[in-house]
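>>> Below are the sequence and a predicted model for it; my questions follow.
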There are 2 protein chains.
Amino acid sequence: MKFVIIGGDAAGMSAASRAKRKDPNIDIIVLEQTYDVSYSACGMPYNIADPERDMEKLVVRKAEVFIEKNKINLLTGHRATTIDRSDKRVSGITVGGESFGFEYDKLFIATGAKPVVPDLPGFDLPQVMSLKSLEQGKQIKTYIQENKVRKAVIIGMGYIALEMCEALEKRGVNVSMVKPGPVFLPWMSPGLADIISDELKNKGVNIYSGYTIEKIEPLGDGIQVCCRDLTLDADMVLVAMGVEPCSDMAKEAGLDLGISGSIAVDRDLKTSDTDIYAAGDCADTYHIVTDDKCWIPLALIANRAGWAVADNVTGTKTRLQGIAGTSVFKVFSLEVARSGLNLKEAKAAGFDPVENNVKTRSRAHGHPGSTPIHINMVADKKTGRLLGVQMVGKEGVAHRINAVAVALHNKMTVADFSQTDLAYAPPFGPVWDPLLTAANQLVKKI
Amino acid sequence: MKFVIIGGDAAGMSAASRAKRKDPNIDIIVLEQTYDVSYSACGMPYNIADPERDMEKLVVRKAEVFIEKNKINLLTGHRATTIDRSDKRVSGITVGGESFGFEYDKLFIATGAKPVVPDLPGFDLPQVMSLKSLEQGKQIKTYIQENKVRKAVIIGMGYIALEMCEALEKRGVNVSMVKPGPVFLPWMSPGLADIISDELKNKGVNIYSGYTIEKIEPLGDGIQVCCRDLTLDADMVLVAMGVEPCSDMAKEAGLDLGISGSIAVDRDLKTSDTDIYAAGDCADTYHIVTDDKCWIPLALIANRAGWAVADNVTGTKTRLQGIAGTSVFKVFSLEVARSGLNLKEAKAAGFDPVENNVKTRSRAHGHPGSTPIHINMVADKKTGRLLGVQMVGKEGVAHRINAVAVALHNKMTVADFSQTDLAYAPPFGPVWDPLLTAANQLVKKI
């Protein structure tokens, strides 16, 4: 069987390796437009933070290893451009300018996502960068080093913006963050978002929410970001306004699109064409709380979906249950985590949500080094069902959220969750785990 | 209504406070034999470790606060000795030697547990101590200070033994641990137990498993622990051979006993007498994996059960779902956690268990500071159900176990657990969370 994969990142390479393991005779071609196929993309901000660390350390497996050891026909520098569904053929062009075409029995579109860059003057200046590919990561790191960057503007305030803010601050760069939206972290409960913005301000970061960006223009050796009522000068600009799915090719081939322009797929990762799969950052997925489609581009989802595609292509029928939208990030001394829906999302999904906020401690009474843990918990008033949790604190947040994710997968009520036997020892939390305290309080409101 | 509570520790005081909150007119008497009613017992080893920290810092709430603010008739220094079920009366004796007697409508036995001390010569020497009450904690701390203890023997190798081992080492005390049982941590998967014993040995702790203890005797200014084929000299001995339920009074009153001599109770915490409740370290409970009775004396269980008793006594019918046996402790640089059953327990409970061991990393590929995380996961071969997990590592273990606890409460299969959307960010773990890697591997064995 000819199995062609477009995109050699998390979803694509997971699928390729697993398919080859399950069926050594399968004929796999992976078309990757860059030369990097298996690296820790999420690790880039942390690597950029440290001038001593080589960016190559983020590479998990080189292309040659897939080719020689895994016997996968991995073609780097190959950009697919067209899917011809009637002829079952993918064509494209190499970095060298040569055309290519491959027939497929099964096709897997794993084209990922790309940074949103607004169509405004000056966003094409060399000092204006985005962080998505390893190449871009290297470019940013080199630029900081070679140009002795002292002042940067980050446009956007999402995960990558916040992680890069910390990375730049660690490099001695003064950072200003700016975005058109009026609310700092609109998906977060306001009380929790304030804790994060306070942390940023304490580290000397300037936050400008609600400023419409008009253009970027050169200014002496540097550049300036011109907003309505605000001008910020800088040595470099990072555009981190989020990502959008790379679904143009799929759209042109007539495949159905889903949420946010991502490729619509079923629980078995099939698109509207039964011979074509899609997964990872370019495709939509089911949310286990709403049972509706959503588009949340995250690494684990891509890896797991890649495996599922491989299973389905090689004959083991596999359906994914869906995602809880669990995510976690570090920003300076804070751990920030979420899983499930916030109040607004819960309302939009048709629930009758109620929320509460609790502030508890990271360690037991009388144990030194205890710090606050802030929790926002959302439940459905009608059914008592737990819908989502957000947490912020200096310790004990990142891994604690997993208990919530598992509870959401099981559609637990808050009352049942409040009865779970969570771990206790003085260095790790109070007798009543912060999540149990939050649940105990929320039960009273239901 | 006259509600009498025997024992003013975690379960007893939780029940008293909650009952008074729910029904301000209830007539509550709490009989506590000591003078300490609300303190972090589990925090004692950590407090003992630090000579600068006052042990009073562990007190959460003083007896006077319960009496004056909560209007609870809390009688400290009152040791209950007899329950007369036909007259519904509890009698006893005060520290001052006065007899007392109180009638009850509902009685709650929350007498806790006491350290196991073998009936052997020398265990009554003043240099031989146990750690259970705050008074005992203070005694140990003062003893270390005043006698400039340099060498200690700990008899036993349970949680408290290990935590006290670290505490003593931090005070500059050389520690030897000894016990009759041949296996260091018999409840742990051998590979994981080895990691802990290696850590102890690296810290200079001597471990002697399988030595029958015959007596303790004075030796110069100190003492010596005499075992068959081994003699250990020391400035002090800590007896930490586990605890046993304080159920004598209940037994004499004719109440049914359960597992390990604990008081048998139902899911609503009722004993075999419908007017008498029991909970906390003196009573048994249901295990959510086996649905059978078990006796696992831990703080959260006692607190939660105390609340449930208060609810039932004040008219809100409350039944507990049971416990997963989740526990966590810190020993030097290691976090150790478990939830559910180990292989042997699973076999004994009638499952057809299969286990696997995986070694993963605490942080993402290429992220600095990553350390190993070792996981033992047990499942039922017949049903695919997840039965238990043990974990050891330097970070990311203590809170991660909670995801397992929630999965066990929901009787999830390993396959379903392997599909959960656990959090990922490079500082906190690999893309595939260590628990997911363990589940992915174990699925193949089922």
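That came through, no problem.
>>> Strands along the stretch 201-350 of chain A, start to end?
With DSSP state E, counting those that start in this stretch as the criterion, the stretch 201-350 of chain A has strands at A:206-209, A:213-219, A:222-227, A:230-234, A:236-239, A:243-245, A:276-278, A:285-286, A:293-294, A:327-331, A:334-340.
>>> Which positions in the second one come out as buried?
To tie it back to what came earlier, the one meant is strand A:213-219. A:213, A:216 (16 or more other C-beta atoms under 10 Å in any protein chain shown). Where you see a C-beta, it was placed from the backbone N, CA and C, and this is true even at glycine.
>>> ranking the strands of the stretch 201-350 of chain A by burial, who's on top?
strand A:276-278 (a mean of 28; mean count of other C-beta atoms under 10 Å in any protein chain shown).
>>> ok, residue A:351 to chain B distance?
Counting by C-beta to the nearest C-beta, to the nearest Å, the gap from residue A:351 to chain B is 19 Å.
>>> Next: residue A:29.
For residue A:29, the distance to chain B - C-beta to the nearest C-beta - is 25 Å.
>>> Might one say that that residue is in contact with residue A:80?
No: if you go by C-beta atoms under 8 Å, residue A:29 and residue A:80 don't touch, sitting 10.2 Å apart.
>>> Who has more neighbours out of these two?
Shown here are residue A:29 and residue A:80; by other C-beta atoms under 10 Å in any protein chain shown, residue A:80 has more neighbours (24 against 20).
>>> can you pull the contacts of the more buried one?
A:6, A:31, A:33, A:90, A:91, A:92, A:111, A:249 (C-beta atoms under 8 Å, 6 or more residues apart in numbering or on different chains).
>>> Can you show me the helices along chain A?
Using DSSP state H, the helices of chain A run over A:10-22, A:44-48, A:63-68, A:134-146, A:159-170, A:190-202, A:248-252, A:299-313, A:343-348, A:401-409, A:414-417, A:434-445.
>>> what would these look like in TSV with mean pLDDT and mean neighbour count?
As requested, the helices of chain A are arranged in TSV below (pLDDT from 0 to 100; neighbours: other C-beta atoms under 10 Å in any protein chain shown):
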stretch	mean pLDDT	mean neighbour count
helix A:10-22	96	25
helix A:44-48	96	25
helix A:63-68	91	16
helix A:134-146	96	17
helix A:159-170	96	23
helix A:190-202	97	16
helix A:248-252	98	17
helix A:299-313	97	25
helix A:343-348	98	16
helix A:401-409	98	29
helix A:414-417	98	24
helix A:434-445	98	21
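>>> need the residues of the stretch 151-300 of chain A near chain B, please.
Contact residues (C-beta under 8 Å from any C-beta of the partner chain) of the stretch 151-300 of chain A with chain B: A:288, A:298, A:299, A:300.
>>> From residue A:301, how far out is the closest residue in space to the first one that isn't next to it in sequence?
Counting by C-beta to C-beta, 6 or more residues apart in numbering or on different chains, residue A:288 lies nearest to residue A:322, which is 4.1 Å off, once chain neighbours are set aside. As judged by C-beta to C-beta, to the nearest Å, residue A:322 and residue A:301 stand 10 Å apart.
>>> quick one: common contacting residues for these two?
A:285, B:421.
>>> quick one: low-confidence ranges for chain A?
Across chain A, nothing is flagged by pLDDT under 70.
>>> centroid residue for it?
Closest to where the C-alpha atoms of chain A average out (C-alpha atoms, centre = their mean) is residue A:298, at 3.7 Å.
>>> and it, what is it in contact with?
By C-beta under 8 Å, 6+ apart, the residues touching residue A:298 are A:323, A:327, B:424.
>>> shouldn't the last one be in contact with residue A:330?
The reference is to residue B:424. No: when contacts are counted by C-beta under 8 Å, residue B:424 is not listed as touching residue A:330 (12.0 Å).
>>> quick one: contacts for residue A:272?
Here residue A:272 is in contact with A:255, A:256, A:264 (C-beta under 8 Å, 6+ apart).
>>> how about 6 Å then?
Applying C-beta atoms under 6 Å, 6 or more residues apart in numbering or on different chains, one finds that residue A:272 lies in contact with A:255, A:256.
>>> And residue A:104, by the same measure?
A:2, A:4, A:88.
>>> Check those residues for burial and list the buried ones.
Buried, going by 16+ other C-beta under 10 Å: A:4, A:88, out of the contacts of residue A:104.
>>> In terms of distance to chain B, which of the contacts of residue A:104 ranks first?
residue A:4 (24.4 Å; C-beta to the nearest C-beta).
>>> Skipping adjacent residues, who's closest to the closest one in space?
residue A:104 (3.9 Å).
>>> how close does residue A:275 sit to residue A:18?
From residue A:275 to residue A:18 the distance is 19 Å (C-beta to C-beta).
>>> picking that back up, correct me, but the residue nearest to residue A:288 touches residue A:284?
No: judged on C-beta atoms under 6 Å, residue A:322 makes no contact with residue A:284 at a distance of 10.8 Å.
>>> neighbour-wise, which of these two wins?
Neighbours were counted for residue A:322 and for residue A:284 using other C-beta under 10 Å; residue A:284 has more, 26 against 22.
>>> contacting residues for the more buried one?
A:258, A:259, A:262, A:264, A:293, A:295.
>>> run the last query once more with 7 Å
A:258, A:259, A:262, A:263, A:264, A:265, A:293, A:294, A:295 (C-beta atoms under 7 Å, 6 or more residues apart in numbering or on different chains).
>>> Of these - the most surrounded one?
Neighbour-wise, the contacts of residue A:284 (other C-beta under 10 Å) top out at residue A:263, 30 neighbours.
>>> Please list all residues in contact with it.
So residue A:263 contacts A:109, A:245, A:247, A:250, A:255, A:257, A:271, A:278, A:282, A:283, A:284 (C-beta under 7 Å, 6+ apart).
>>> Pipe those into CSV and attach distance to residue B:338 per row.
Below are the contacts of residue A:263 laid out as CSV (distance: C-beta to C-beta, whole Å):
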residue, distance to residue B:338
A:109, 43
A:245, 42
A:247, 45
A:250, 47
A:255, 47
A:257, 47
A:271, 44
A:278, 40
A:282, 40
A:283, 38
A:284, 38
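>>> Pick out whichever of the residues you listed sits closest to residue A:58.
residue A:282 (21.8 Å; C-beta to C-beta).
>>> close enough to count as contact, that closest one and residue A:248?
No: under the criterion of C-beta atoms under 7 Å, residue A:282 makes no contact with residue A:248, lying 9.8 Å away.
>>> residues bridging contact with those two, i.e. touching both?
Contacts common to residue A:282 and residue A:248, judged by C-beta under 7 Å, 6+ apart, are absent.
>>> what's near enough to touch residue A:43?
A:58, B:364, B:366, B:367, B:426 are the contacts of residue A:43 under C-beta under 7 Å, 6+ apart.
>>> about what we covered before: from the contacts of residue A:284, which is closest to chain B?
Nearest to chain B among these, counting by C-beta to the nearest C-beta, is residue A:294 at 11.4 Å.
>>> quick one on the thing from earlier: would you turn the contacts of residue A:104 into a markdown table with distance to residue B:38?
As requested, these are exported to a markdown table (distance: C-beta to C-beta, whole Å):
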| residue | distance to residue B:38 |
| --- | --- |
| A:2 | 70 |
| A:4 | 67 |
| A:88 | 72 |
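>>> mind listing what the residue nearest to residue A:288 touches?
A:285, A:286, A:287, A:288.
>>> same question, residue A:399
Applying C-beta under 7 Å, 6+ apart, the residues near residue A:399 are B:396, B:399, B:400, B:428.
>>> Mind doing that once more with 6 Å?
Neighbouring residues of residue A:399 by C-beta under 6 Å, 6+ apart: B:396, B:399, B:400.
>>> Looking at the contacts of residue A:322, which one is closest to chain B?
residue A:288 (7.3 Å).
>>> Please verify my assumption that the closest one contacts residue A:324.
Yes: applying C-beta under 6 Å, one finds residue A:288 in contact with residue A:324, separated by 5.4 Å.
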